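> Got a predicted structure plus its sequence, pasted below:
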Amino acid sequence: MVFIGEFIVSTERSDKRLIGMKKYVINIFRECVKSVLPRNIIKNTLKFDSKTLYVKDTKFFVPKNIYVVGFGKAVLEMALEVEKVLNGTLKKAVVSVPFGTRRHINHSQVCIMEAAHNNIPDQHSVENTNCIINTIKSMEDDDILIVLISGGGSALLCSPTVPLSDKIITTKLLSSHSATIEQLNTVRKALSHVKGGKLINLVKKSTVISLILSDIVGDPLSAIASGPTIPNNDSHDLPIEIIKHFNLLDKIPSTVLNALEQNKPFNCLNVERVHNYVIGNNSVALQTGIEYTQKDYTSVLLTKSLQGKVALVSKFYSNLIIFVCHVYLDPKNINEALKNELILNISKVDKEIDIDMLTRKVIEASSNKSGLCILSGGEPTVKVQGIGLGGRNQELALRISVNIERHSAFLKQFDILFFSGGTDGIDGPTDACGAFAYPGLVDTARFQGLNPSQFIENNDSYGFYSLYNEGEDLFKIGHTGTNVMDLHVLIIKPN
Ligand SMILES: Nc1ncnc2c1ncn2[C@@H]1O[C@H](COP(=O)(O)OP(=O)(O)OP(=O)(O)O)[C@@H](O)[C@H]1O
Ligand SMILES: O=C(O)[C@H](O)CO
């Protein structure tokens, strides 16, 4: 970058501070992800002692063999750790994982099957599912089945009751109409031989232990990977109601409509044999972040349930930044107009955010002259309308940068950095995990001939960040092997 006169010095200094903050933020993110790495979680959850398997505080007697099946972005690492814990007593393990996650592993009998590019089920998903079904059917009474489940599982465990291509059309239509993951998975369950608890009935008499890594806000068991081991309580007409709600009756393939119209409740047998455990989620990751940052900052765990459109979430964050800076500078005179605007924006993205708690924390930081580190989690959505490449994390960061630009003179009194990243390491169909936002980004972008608003309009946040400062603000980490939604880190400190 070339700047002139005075500006060179101050920019270089603030660049250095910014670089330091970016490194710190990435360390926070890495620590959070580490705490939900499948290996660490399994290690803390599962113990084995000759004929006894301990899951958290529950004991299971193991009279015969233990089998493992798994599906999801994180289950390979889960399976490998289970194999280690079982210390040579694992009979068989088969897992269905996304393309690109297989690697060579010495001395392991875990059978790794790949499928589903970009989270879309394919013929490989169906074949992998058949292999999982056959493994379960080959089990004898008194064997134990451990089912490993994580986000992305819906596309990796797929046994459709309609032609696969019709099911894909249906899920794509629902996604592009901003259906929630619960709505989407309610429809998927009604079109499947294995989702919505149906996997349970394939198991003859064995005990089933499901270890679940949650990637949905609030950990709704029957929605995570479409709940193959959880009895489905959706009413039989809910799936077709969802299709009607999105006005999709005339776009959905007739095979799917017929199946949904004839949908009947499914009766899971012997549910008392099935034990479902959520062993990791977004909260665990956020709590680790709080522990990591509290020696350096006044840390705030704002929420673990941020949802809604990225455009609204970015407005919320922009208001939040302005509000926090005002309270910090003048804690005795809370600006009610700003507070009310923030409350309005909170109501659109996450009703659980406690603005009074936040205000108290900002006042505390202001009186201690410390910086604030605000951590949140959740999973906002983007309705993709442009033809660009991006992901919800990158688009969120870019939108925040644009929104705060008009306040840049006021915000100069602070060093501010926001980061949004997917804990699975992959944001949308890109190779990036997330991106940074900060005041001044838009100005610098214009100087480099880039117009951020145009990139946003085209849903091309990846295109933007790849060009901006030669990709410096894109964070790439690759598949992390875990998946507990997104993490947001916001640092605000007086300079
Ligand atoms: N060009 C784009 N710009 C912004 N967001 C995009 C773009 N293309 C896709 N997305 C978003 O990426 C998300 C899909 O990514 P992905 O398939 O990795 O889903 P996920 O929710 O991360 O996975 P999982 O359901 O397994 O947790 C959707 O929210 C979609 O709106
Ligand atoms: O696989 C799925 O259905 C999603 O990742 C939600 O768990």
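Received, thanks. Ligands and ions are numbered 1, 2, ... in the order given.

> Ligand 1 contacts on the stretch 201-350 of the chain?
Applying CB under 6 Å from any ligand atom, we find that the stretch 201-350 of the chain lies next to ligand 1 at Asp215. Where C-beta positions appear, they are placed from N, C-alpha and C, glycine not excepted.

> So which residues of the stretch 201-350 of the chain form strands?
207-213, 274-280, 298-306 (DSSP state E, counting those that start in this stretch).

> Tell me which of those sits most buried.
By mean neighbour count, with neighbours taken as mean count of other CB atoms under 10 Å, strand 207-213 ranks first of the strands of the stretch 201-350 of the chain at a mean of 25.

> ok, is that strand in contact with ligand 2 or not?
No. On the criterion CB under 6 Å from any ligand atom, strand 207-213 is out of touch with ligand 2, staying 9.2 Å away.

> for the record, mean pLDDT for that strand?
What strand 207-213 shows for mean pLDDT is 97.

> just to revisit the earlier point, distance to Lys315 for the strands of the stretch 201-350 of the chain - can I get that in JSON lines?
Conversion of these to JSON lines gives the following (distance: least, CB to CB, whole Å):
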{"stretch": "strand 207-213", "distance to Lys315": "31"}
{"stretch": "strand 274-280", "distance to Lys315": "31"}
{"stretch": "strand 298-306", "distance to Lys315": "13"}
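
> Can you pull the residues of the stretch 351-495 of the chain lying near ligand 1?
The stretch 351-495 of the chain comes close to ligand 1 at residues 381-382, 384, 388-392, 395, 422, 426, 428-429, 459, 461, 483, as judged by CB under 6 Å from any ligand atom.

> How is the chain partitioned into domains?
Domain segmentation of the chain under the TED database yields 38-159+194-232+268-280, 283-494.

> Those domains into TSV, with extra columns for distance to Ala179?
TSV is the format used below for those (distance: least, CB to CB, whole Å):
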stretch	distance to Ala179
domain 38-159+194-232+268-280	12
domain 283-494	9
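
> circling back: could you identify the most distant pair in the residues of the stretch 351-495 of the chain next to ligand 1?
Pairwise distances across those peak at 24.2 Å for Gly388 and Asn483 (criterion: CB to CB).

> Looking at the two, which one has more neighbours?
Asn483 (27 against 18; other CB atoms under 10 Å).

> Distance check, the more buried one against Gly72.
Noted for Asn483: a distance of 7 Å to Gly72, by CB to CB, to the nearest Å.

> Pro452 now?
Distance from Pro452 to Gly72, counting by CB to CB: 35 Å.

> Ok, Val327 next?
For Val327, the distance to Gly72 equals 41 Å [CB to CB].

> between the two, who's got more neighbours?
Counted by other CB under 10 Å, Val327 and Gly72 do not tie: Gly72 has more neighbours, with 30 against 23.

> Chain neighbours aside, what residue packs nearest to the more buried one?
Leaving aside its sequence neighbours, Gly72 sits nearest to Ser150 (CB to CB, 6 or more residues apart in numbering; 3.1 Å).

> got it, and Thr186?
Asp234 (5.1 Å).

> So Thr207 is in contact with Lys59, correct?
No. Using CB atoms under 8 Å, Thr207 is not in contact with Lys59, being 11.5 Å away.

> Mind jotting down where the helices sit in the stretch 101-250 of the chain?
123-137, 153-156, 164-176, 181-190, 238-245 (DSSP state H, counting those that start in this stretch).

> Could you give me the buried positions within the first one?
Just to be clear, that refers to helix 123-137. Residues of helix 123-137 classed as buried by neighbour count (16 or more other CB atoms under 10 Å): His124, Ser125, Val126, Asn128, Thr129, Cys131, Ile132, Ile133, Thr135, Ile136.

> Report pLDDT for the first one.
Which is His124. On pLDDT, His124 comes in at 98.

> Spit out the contact partners of it.
Met113, Glu114, Ala115, Ala116 (CB atoms under 8 Å, 6 or more residues apart in numbering).

> Swap in 6 Å and give it another go.
Applying CB atoms under 6 Å, 6 or more residues apart in numbering to His124 gives the contacts Ala115.

> Please apply the same query to the fourth one.
Taking CB under 6 Å, 6+ apart as the definition of contact, the neighbours of Asn128 are Ser96, Met113, Ala115.

> Kindly recompute the last result at 8 Å.
Applying CB under 8 Å, 6+ apart, we find Asn128 in contact with Phe71, Val94, Ser96, Met113, Glu114, Ala115, Leu156, Leu157.

> buried set for the top helix by length along the chain?
Assignment by DSSP state H gives helix 6-35 as the longest helix of the chain. Of all the residues in helix 6-35, those buried under the rule 16+ other CB under 10 Å are Ser14, Leu18, Met21, Lys22, Tyr24, Val25, Ile26, Ile28, Phe29, Cys32, Val33, Ser35.

> Then stretch 92-111?
For stretch 92-111, the neighbour count (16+ other CB under 10 Å) marks Lys92, Ala93, Val94, Val95, Ser96, Val97, Pro98, Thr101, Val110, Cys111 as buried.

> Spatially, which two of those residues are the most separated?
Using CB to CB, the buried residues of stretch 92-111 span at most 21.6 Å, a distance reached by Lys92 and Pro98.

> Grab the nearest non-local neighbour of Lys189.
Gly196 (3.3 Å).

> One more: Glu341?
Take Glu341 and drop its neighbours on the chain: the residue closest to it by CB to CB, 6+ apart is Asn319, 5.5 Å away.

> where does the one you found land on pLDDT?
pLDDT, Asn319: 97.

> From Asn335, how far off is it?
11 Å.

> Compare neighbour counts for those two and give me the winner.
Regarding Asn319 and Asn335, a neighbour count based on other CB under 10 Å identifies Asn319 as having more, with 20 against 14.

> so how far is Arg39 from the more buried one?
39 Å.

> Equivalent analysis for Val126, please.
29 Å.

> residues from the protein in reach of ligand 2?
The chain comes close to ligand 2 at residues Gly151, Gly152, Gly153, Ser154, Ile181, Asn185, Asp215, Ile216, Ile224, Ala225, Ser226, as judged by CB under 6 Å from any ligand atom.

> rewinding a little: return the most buried member of the helices of the stretch 101-250 of the chain.
Most buried of these, by mean neighbour count (mean count of other CB under 10 Å): helix 153-156, with a mean of 28.

> and that helix, what does it pack onto?
On a contact count with 3 or more CB pairs under 8 Å, 6 or more residues apart in numbering; DSSP states H and E, helix 153-156 meets strand 90-98, helix 123-137.

> And ligand 1, is that helix touching that?
No. Helix 153-156 stays clear of ligand 1 (CB under 6 Å from any ligand atom), getting no nearer than 7.3 Å.
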